[in-house]
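> Generate a structure from the sequence data that follows.
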Amino acid sequence: MKKLTSSVLAVVLSSSFAVVSAQQRGSDTVKTSNIQEVVITGALGIKRTADAATSSQQVVGSEQLTAGANPNAVQALAGKVAGLTINQTNSSVNSSNSIQLRGIRSMTGDNSALVVIDNVISSSTVLQTLPPDVIESINVIKGAQGAALYGSAGVNGAIIVVTKQGAKRGISVTYDGTIDFESVAFVPKRQTRYGQGWYNARDQYENGAWGPAFDNKMTMYGLPMYDVNGDGVITLDGLGWGNGTLTSGDNPAAIHMPYSARPNEVKNFFRTGALRNNSLTINVGQDKKYALLNLTNTARDFVIDDDKYTKNSVLFKGGATVGKLTLEGSVNYIRTDTKESPIMFDEGQDDSIFWNLLQSAPDIPITAYKPYADNAYAWNMYYQNPYWRIKHVRENRKSDYYSVIGSATYNINDHINLRYTGNLQQRFTSGLSHRDAFDTSHYTETISSISSAIFMNKREWFDYYGDLLVNFDYNLTDDLGLRVNVGHNYQDHRYSIMENGGTNLEIPGIYNMGNVTQPLPASSLANGDYRRNSHALFANLDLAYRNYLFLNATARNEWSSVLPKENNSYFYPSVGLSFVPTKAWDFGGDVLTRMKISGNWTKVGNSSRIDWYRINKKVILVPGFPFDGNNSYRNEMTQTADDIRPESVTTKEINLDLGFWRDRVAIEGSIYQQDTDDLITNQRVSPASGINQVLINVGKMRSKGAEVNLNLTPVKTSNFRWDLSAGYSYNESRVLKVTDDTDEVPITSFTNFGVYAQAGSLFPLIKTNMMQRDPQGRIIIDAATGNPLITPELFNAGVAVPKSIYTFGTNIKLWDFRISATADYRYGSKFIANVINGMAFNGSLYESGQVDRAQGGFIMPNSVIKDANGNYIPNTTVKTGGNNYNTVNDYYSSIYGTIGENYLIDGQAFKLREVAVSYTVPRAVLSGSNLQEITLAVHARNPFQKFAKNNLNYADPETSYYATPGIAQIAQYPNTKVYGFSLNVKF
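Here you go, the predicted structure:
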């Protein structure tokens, strides 16, 4: 057994057994057989060389992660790893994202990748608040075999995050500062020919764009604007009308402007936001001791006025080796404070700012209403003034996150050590949201008043994670190395929630429950304490033969409290093999310098669909049951089968890695298949049983795909280096079985569209009702009305996730300059752009403006009608939308939106994710000062995107308001583009 000089890092090197067995400090590179091998941190902190890894993995280093100065580490990964999909699930000031690897394995369970930070299980929520500056590397384990030691938690692959450690020796101080400016990247394209009104009549109180064609004449817009003084006296703005009634005749207070298109008003509503990030890192090291302290402050002023996000974090890490004992630990505290006008206050789309903006005609001077933020209605009498909503519908959220990690490693001898890693995480959040009242009784028009409301909640998460690991490292012979890791894992998770709220505040502006006159019923609030835990025994076996043949096998048995007592023990095995023929047979010369073939088989479970206490038989209190005036309990209508068990996922993977000309050209390829049995879903049962659905194991799904990575260095000199990378990933998931009594279940469904799981079809499947077509595929038109005939049922319309993703990257280093860029292209998906429905209704849809409304509708392309004999003949005369303005109005506002096919958009998209240019001041210039390095940089994030031809900027295909992709809801804000500057100084 040979050991490196640092006692913190032990590598089994006899016969070049290149598996790193203990905690490593400093560089992630070790020398084996005179060839430098990248060391990869895998499950449970076990380190291996790239040759010894038997599953597909891709490492993103610190430099690559921080190139675009993105303060969100999750978003910074987008476009940099083949097979990794980052989707935005919330586009507000404190945005959130989902992380998926290699598609979807479960119809109703969690498909998110596991996040592990410094050897303990964490979450994507924590990762996106962790300062990227403190991250050393992120190892993306794509296949289940690499994460099998985590059991059911690692079924969807794993994101292994390693944070930086202190300096080996001495002290260093690093400052990182960034300032960004962000603006809305796009808004839906709208028609610019017709203005405010309905049925070709100008109406200053309408949300519709069904008025006459623009003539540039002066006209009135909107309702009268008024002020509410402290004494409650209502006055027309600037006119002092006392308590006089405001009517539609009170036009002097309305806005007076030319009747013409203002195509940029929706986009101009959003301001230029700013983000400031400042980080200070202190590194200290001496002999076998190290320490690191990072302080970070992030402040974001969003593109919505008064929406602000502040994050302050402290990370301290330290370690020391005394004799045979190594102690390491970290303390991380993150405080976030969010102040915003929430995307939706009461889960109704009519309540959202973006929806209210789009319910405007293209001539509405939206920004002219900014001074009138105390008027709940502005240019129309149906939808809220967005400036009023910003001021009078607010939410404040605070979050405190604590994480303490402690690790102790004791070396019994040169071959055996014990390590215990314990982690305590706690997160506390509190939220207070309110809506002010607005009384409309002073209007003679029928305008809905707005009631005041308040809602508050407190949540607490407690998570304990502990690993006890015994490590054995031996050389069985001169050619064969052995490592065995045996351990126990314990996890304890607790969650507590308290909610309260009500409507009609007695005194405006006092937001507490003592001021509520109508509290919400307890049945509408979530209150409770929850707890679950799990135990596991696990083992890892590594065999290495002469540094070219590697075997890895793992085994884990879990016991989980969320499963039935007699059915809660499950065994998860895996095995993998890696072979390096270029080392075994010494061939390839200077051309083929590396060839590796690997494969693995894994079986693991997924119990994420079985939530806290889901196995318990539950009843709910029902007012008026079984008779009016009485309250009683009945069964919860969906119960869980007594023999419920985790979904079972079996994965097979084959990988091929090739390196040419000493890795100047490197190719990595993978193919895989994932079979999920015992899919958990709801099956209908007879109402006579007292329930209508039961959660059972019954479905089957198969996911398969391939990935290819190409890394190329066409130029490499002492002063100039150019690196190129390209990636391709293909994935499709197909449902093989749903339940015994049905071939289809809805995941998210509406009247005319939805996302479904259907036996024999790809998942997630989008279905819509459609225009009827004849056997030749031509649209059938009702000759009497001109409207297309609509199918009474929904039909398969496409899959909601990309079939293929291409990634591109480049990095150029010329003397002290560095240029980098990242881009990707997604292809093969569809999505529902729900915003189209509202735009068609109010007449702002671009398509509706291309019609000469005065002449009626249009001849539907590729359409047919029936002749007198019942045969289909080409339609050349019957107009869809009728023969006058009013019938066109009726078609788009009443018929068009009932056809789900009209919302269906091609999901292909090309995005330039990041571009950065940096300059590092030469060391010679800094000589004689206390400065070690100064780097100045400019960067852009999402500066350019190109969507499919039929996506007129309706929505980004990556955004999804629901957990299942495929539906871009109208409440979501458009994505933003960012331009900024950064400064890095090392002392």
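> and the spatially closest residue to residue 936 that is not a sequence neighbour, how many neighbours?
Computed as C-beta to C-beta, 6 or more residues apart in numbering, the closest residue to residue 936 that is not its neighbour in sequence is residue 919, at 5.2 Å. Backbone N, C-alpha and C define where each C-beta goes, glycine included. A count of neighbours around residue 919, defined by other C-beta atoms under 10 Å, yields 14.
> which ones are touching residue 919?
Shown in contact with residue 919 (C-beta atoms under 8 Å, 6 or more residues apart in numbering): 816-818, 935-937.
> Turn the residues you listed into CSV, including neighbour count, secondary structure and distance to residue 983.
Shown next, in CSV, are the contacts of residue 919 (neighbours: other C-beta atoms under 10 Å; DSSP: H, G, I helix; E, B strand; the rest coil; distance: C-beta to C-beta, whole Å):
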residue, neighbour count, secondary structure, distance to residue 983
816, 14, coil, 15
817, 12, strand, 16
818, 19, strand, 15
935, 16, strand, 7
936, 14, strand, 6
937, 21, strand, 8
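> Could you tell me which strands the top strand by length along the chain is paired with, and in which direction each runs?
For the chain, the strand with the greatest residue count under DSSP state E is strand 480-505. Sheet pairing for strand 480-505, assigned by DSSP bridges, gives strand 453-475 (antiparallel), strand 516-519 (antiparallel), strand 528-545 (antiparallel).
> And it, what's buried?
The neighbour-count check on strand 480-505 (16 or more other C-beta atoms under 10 Å) flags 480-485, 487, 489, 491, 493-495, 497, 499-503, 505 as buried.
> mind saving the C-alpha coords of stretch 454-472 as CSV?
The C-alpha atoms that make up stretch 454-472 are tabulated as CSV, following Å, rounded to 0.1, in the frame of the first residue of the first chain:
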residue,chain,number,x,y,z
ILE,A,454,-54.9,38.3,4.3
PHE,A,455,-53.1,35.0,4.3
MET,A,456,-50.2,33.9,6.5
ASN,A,457,-48.2,30.8,7.0
LYS,A,458,-45.2,29.4,8.8
ARG,A,459,-43.4,26.3,7.8
GLU,A,460,-40.5,24.4,9.4
TRP,A,461,-38.4,21.6,8.0
PHE,A,462,-36.1,19.5,10.1
ASP,A,463,-33.8,17.0,8.4
TYR,A,464,-31.2,14.8,9.9
TYR,A,465,-28.8,12.7,7.7
GLY,A,466,-26.2,10.3,9.1
ASP,A,467,-23.8,7.9,7.5
LEU,A,468,-21.6,5.4,9.3
LEU,A,469,-19.0,4.0,6.9
VAL,A,470,-16.3,1.4,7.4
ASN,A,471,-13.7,1.4,4.6
PHE,A,472,-11.4,-1.5,3.7
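> got the buried residues for it?
Applying 16+ other C-beta under 10 Å to stretch 454-472 flags 454-457, 459-461, 463-467, 469, 471 as buried.
> again, but for stretch 713-732
Neighbour count says stretch 713-732 has 713, 722-725, 727-732 buried, by 16+ other C-beta under 10 Å.
> Return the closest of those with respect to residue 531.
Closest approach to residue 531 among the buried residues of stretch 713-732 (C-beta to C-beta): residue 731, at 36.0 Å.
> And residue 596, how far from residue 807?
22 Å (C-beta to C-beta, to the nearest Å).
> Check which element follows the helix or strand in which residue 702 is found along the chain.
Taking DSSP states H and E as the definition, residue 702 sits inside strand 693-716. Downstream of strand 693-716, the first helix or strand assigned by DSSP H and E is strand 720-737.
> Give the buried residues for the next helix or strand after that next one.
The first helix or strand that comes after strand 720-737 along the chain, using DSSP H and E, is strand 744-749. By 16+ other C-beta under 10 Å, the buried positions in strand 744-749 come out as 744-745, 747-748.
> okay, the angle between strand 744-749 and strand 720-737?
Here the directions of strand 744-749 and strand 720-737 differ by 130 degrees (axes from the mean of the first three to the mean of the last three C-alpha atoms, to 10 degrees).
> got the angle for strand 744-749 vs strand 693-716?
Using the same axes, to 10 degrees, strand 744-749 lies at 70 degrees relative to strand 693-716.
> Strand partners (parallel or antiparallel) of strand 744-749?
Strand 744-749 is paired, per DSSP bridges, with strand 753-758 (antiparallel).
> Let me see the residues that make contact with the strand it pairs with.
In contact with strand 753-758 (C-beta under 8 Å, 6+ apart) are residues 107, 681, 699, 735, 738, 743-749, 763-769, 794, 796-797, 800, 832, 900, 903-904, 962, 964-967.
> In terms of pLDDT, where does residue 236 sit?
Per-residue pLDDT puts residue 236 at 42.
> nope, residue 228 is what I meant
For residue 228, pLDDT reads 47.
> can you give me the strands in the stretch 851-987 of the chain?
All strands of the stretch 851-987 of the chain, identified by DSSP state E, counting those that start in this stretch, fall at 863-866, 872-874, 904-906, 909-920, 933-947, 967-968, 976-986.
> buried sites along the second one?
Of the residues in strand 872-874, those scored as buried under the neighbour-count criterion (16+ other C-beta under 10 Å) are residue 872.
> now it: how far from the chain's centre is it?
47 Å (C-alpha atoms, centre = their mean, to the nearest Å).
> Spatially central, which residue of the chain would that be?
residue 97 (2.0 Å; C-alpha atoms, centre = their mean).
> where's that one, which helix or strand?
Here residue 97 is assigned to strand 96-101, by DSSP H and E.
> Show me what that strand is packed up against.
Using 3 or more C-beta pairs under 8 Å, 6 or more residues apart in numbering; DSSP states H and E, the elements in contact with strand 96-101 are helix 73-76, strand 84-90, helix 124-127.
> Which among the ones you listed is found nearest to residue 527?
Here helix 124-127 is closest among the helices and strands packed on strand 96-101 (C-beta to C-beta), at 22.1 Å.
> Pull up the pairing partners for the very next helix or strand once past the closest one, direction included.
Using DSSP H and E, the helix or strand that follows helix 124-127 towards the C-terminus is strand 135-141. In the sheet, strand 135-141 lines up against strand 57-61 (antiparallel), strand 158-163 (antiparallel) (DSSP bridges).
> which regions of the stretch 401-550 of the chain lie under the pLDDT threshold?
Of all residues in the stretch 401-550 of the chain, none has pLDDT under 70.
> Then the chain?
1-38, 226-253, 346-350, 623-627, 629, 961-964.
> ok, now with 50
1-36, 228-252, 349 (pLDDT under 50).
> Show me where the stretch 201-350 of the chain has its strands.
Residue ranges of the strands in the stretch 201-350 of the chain, as given by DSSP E, counting those that start in this stretch, are 201-202, 218-221, 226-228, 234-236, 255-258, 273-286, 289-301, 308-322, 325-340.
> Columns mean neighbour count and distance to residue 941 on top of those, output as CSV?
Below are the strands of the stretch 201-350 of the chain laid out as CSV (neighbours: other C-beta atoms under 10 Å; distance: least, C-beta to C-beta, whole Å):
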stretch, mean neighbour count, distance to residue 941
strand 201-202, 14, 43
strand 218-221, 17, 37
strand 226-228, 17, 41
strand 234-236, 17, 46
strand 255-258, 15, 36
strand 273-286, 18, 10
strand 289-301, 19, 13
strand 308-322, 18, 16
strand 325-340, 18, 21
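> Reformat those as TSV; add distance to residue 908.
Below are these laid out as TSV (distance: least, C-beta to C-beta, whole Å):
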stretch	distance to residue 908
strand 201-202	40
strand 218-221	39
strand 226-228	49
strand 234-236	52
strand 255-258	40
strand 273-286	28
strand 289-301	30
strand 308-322	32
strand 325-340	32
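> which residues in the stretch 551-700 of the chain form helices?
581-584 (DSSP state H, counting those that start in this stretch).
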